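K.L.:
Sequence first, then the predicted structure:
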Amino acid sequence: MLFSKTSILAAAVGLTACVDAHMLMANPKPFESQNTAGNGPLKADGSDFPCKGDKSYDAGGVSNTWPLGSTQTLRTIGQAVHSGGSCQISITYDKQPSKSSVWKVIYSIEGGCPARNTPGNLGSSASASNPDTYDFKIPDGLPTGEAIVAWTWFNKVGNPEMYMNCAPVQITSGSGKRGESETNLIARDTAFLNGLPNMFKANIGNNCGTAQEGMNVVFPNPGSSLEKGAGPFDPTRQFTGDCAAANGPIVAAAPNPAPPSATAGAPSPTGSNGAPAKPSAAPTTLVTSAVPAAPTAPAPAPAPAPAPAPAPAPAPAPAPPPKGGNSTSSCTAADFGKIICSADGNQIGICDYGGKIAMGPVAAGTKCVNGAIVAARSVAIRGRYPRPAA
């Protein structure tokens, strides 16, 4: 069969579009290295994670300012949207992020990112502006200062891939007044940051894959700031490998947990809608012990009988786990990924891959309320910070 020069050229152009016309973050404005590295996915072996292997993280005049509490907009360019997918916005305070850096999620989009209701691709242009944008709020509890933000994307159709672009940001104070000491501010900022979920990572040689073709990824821990797009979703069949191990614990770290209570047991966890979650079975067997009889006064009779012993008193049932410890319960596939709070807000858990809820203490200075980690007392202006816990 013979092919004309025109048909061969058209096929070549189409192939080039498929290879090169992926997506690139436009706002926040990324490091220049993200442009020069191309707009394709991260390498399957993870060798260019994070940020496509940026070595210098030189802003080169790029500036993005995010005041606490402000609303920011995610914009992308390109038309190879792969029918959308799921995205996250994450932040780290490392000056030069490495593979061991901790990225904390501040916004998740499940389905419809970077394009909503789009079968296939929008076209073949790598420079066209994407009409779909996504607004999100900068949490009031973030530490202020220089940071690096990442946009990550898991495509709905096509090869299982992970896309990542990074940008420098300056987190600035809001308009409120400082009402706490510097030490308290640092502690509370750190507690809030540690309470945020870790970035989800897959398809980069970490024994975690998104292999369900045509399904939008449901993040194991999307956080409290979540946009839920159109399906389909099937969290029970979406991953391969051991994603739980690859992405670390899903319970927030507690650097300074409160001392365990010897008298009060761990409260029953509640679901994200406020209804009690299914509790684990509590022990019902009572432990009993015989109580010796008290001696009686001597009597004239030669062989006085001792007074009858009282009925054995039951010992109290074993105490449930203390507030500071961990406990587990079960959940259904319908609750997959939901954050579970204890009744008093001192413990947090999430319905994970195996249908279990691993409850653990929240970070000091925070509470778990209605499926979200919040500061025990809000502050408007933040101080400096140590590195967050993984």
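P.N.:
Alright, I've got the coordinates.
K.L.:
could you show me where the helices are in the stretch 1-150 of the chain, in order?
P.N.:
In the stretch 1-150 of the chain, the helices defined using DSSP state H, counting those that start in this stretch lie at 5-20, 32-36.
K.L.:
The residue lying closest to Gly123 once chain neighbours are set aside: how many residues sit nearby?
P.N.:
Excluding its sequence neighbours, the residue lying closest to Gly123 (Cβ to Cβ, 6 or more residues apart in numbering) is Gln79, at 4.0 Å. Every residue, glycine included, has its C-beta placed from N, CA and C. Gln79 has 21 neighbours, counted by other Cβ atoms under 10 Å.
K.L.:
same check, this time on Trp66
P.N.:
Neighbours of Trp66 using other Cβ under 10 Å come to 20.
K.L.:
list the contacts for it?
P.N.:
28, 72, 138, 169-172 (Cβ atoms under 8 Å, 6 or more residues apart in numbering).
K.L.:
Can you give me the buried ones in stretch 118-128?
P.N.:
Neighbour-count burial for stretch 118-128, counted by 16 or more other Cβ atoms under 10 Å, picks out 118, 121-122, 124, 126.
K.L.:
pLDDT below threshold where in this structure?
P.N.:
Filtered on pLDDT under 70, the chain yields the residue ranges 1-21, 175-181, 249-330, 332-338, 351-359, 364-365, 374-390.
K.L.:
Tell me if Leu185 really is in a strand.
P.N.:
No. Leu185: not assigned to a strand; according to DSSP: H, G, I helix; E, B strand; the rest coil it is helix.
K.L.:
Please report how far it lies from Asn155.
P.N.:
40 Å (Cβ to Cβ, to the nearest Å).
K.L.:
Out of the two, name the residue with the larger neighbour count.
P.N.:
Neighbours were counted for Leu185 and for Asn155 using other Cβ under 10 Å; Asn155 has more, 27 against 21.
K.L.:
Report how many residues lie close to Ile186.
P.N.:
17.
K.L.:
how much space between it and Pro143?
P.N.:
8 Å.
K.L.:
Kindly report the same for Gly231.
P.N.:
36 Å.
K.L.:
Same question for Asp344.
P.N.:
When Asp344 is compared with Pro143 (using Cβ to Cβ), they lie 27 Å apart.
K.L.:
what's the closest non-adjacent residue to Val369?
P.N.:
Val369 sits nearest to Gly345 (Cβ to Cβ, 6+ apart), 5.6 Å away.
K.L.:
follow-up on the earlier one: compare Gly231 and Pro143 (neighbour count), which wins?
P.N.:
Set Gly231 next to Pro143 and count neighbours by other Cβ under 10 Å: Pro143 wins out with 22 against 12.
K.L.:
Might one say that that one is in contact with Asn194?
P.N.:
No. In this structure, Pro143 is not within contact of Asn194 by Cβ atoms under 8 Å, at 10.9 Å.
K.L.:
and the strand or helix carrying Leu193, what does it pack onto?
P.N.:
Element membership of Leu193, judged by DSSP states H and E, is helix 182-195. Using 3 or more Cβ pairs under 8 Å, 6 or more residues apart in numbering; DSSP states H and E, the elements in contact with helix 182-195 are strand 366-369, strand 372-375.
K.L.:
Turn those into JSON lines, columns for mean neighbour count.
P.N.:
Output for the helices and strands packed on helix 182-195, formatted as JSON lines (neighbours: other Cβ atoms under 10 Å):
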{"stretch": "strand 366-369", "mean neighbour count": "21"}
{"stretch": "strand 372-375", "mean neighbour count": "20"}
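K.L.:
who wins for proximity to Pro97 among those?
P.N.:
strand 372-375 (22.9 Å; Cβ to Cβ).
K.L.:
can you give me the helices for the stretch 151-300 of the chain?
P.N.:
Going by DSSP H, counting those that start in this stretch, the stretch 151-300 of the chain shows helices at 182-195, 243-246.
K.L.:
before we move on, back to that, ok, the contacts of Trp66 vs Gly223, which is closest?
P.N.:
Closest to Gly223, out of all of the contacts of Trp66 and judged by Cβ to Cβ, is Ile138, at 13.3 Å.
K.L.:
Is it correct that the closest one is in contact with Gln72?
P.N.:
Yes. With contact defined as Cβ under 8 Å, Ile138 reaches Gln72; the gap is 6.2 Å.
K.L.:
More neighbours: which of those two?
P.N.:
Neighbour comparison, Ile138 and Gln72: the larger count goes to Ile138, with 23 against 20 (by other Cβ under 10 Å).
K.L.:
residue ranges of the strands in the stretch 1-150 of the chain, please?
P.N.:
Taking DSSP state E, counting those that start in this stretch, the strands of the stretch 1-150 of the chain run over residues 24-27, 65-67, 71-77, 85-92, 104-110, 134-137, 145-155.
K.L.:
Adjacent strands (with direction) for the second one?
P.N.:
I take that to be strand 65-67. strand 163-172 (parallel) (DSSP bridges).
K.L.:
How about the longest one?
P.N.:
According to DSSP bridges, strand 145-155 forms sheet pairs with strand 85-92 (antiparallel), strand 163-172 (antiparallel).
K.L.:
Check the ones you listed for me and report the most buried one.
P.N.:
strand 85-92 (a mean of 26; mean count of other Cβ atoms under 10 Å).
K.L.:
which outside residues touch it?
P.N.:
74, 101-111, 113-114, 134, 136, 142, 147-156, 169, 199-200, 216-219, 222.
K.L.:
give the contact list for Tyr107.
P.N.:
Contacts of Tyr107 (Cβ under 8 Å, 6+ apart): 74, 88-89, 134, 136-137, 223, 225-227.
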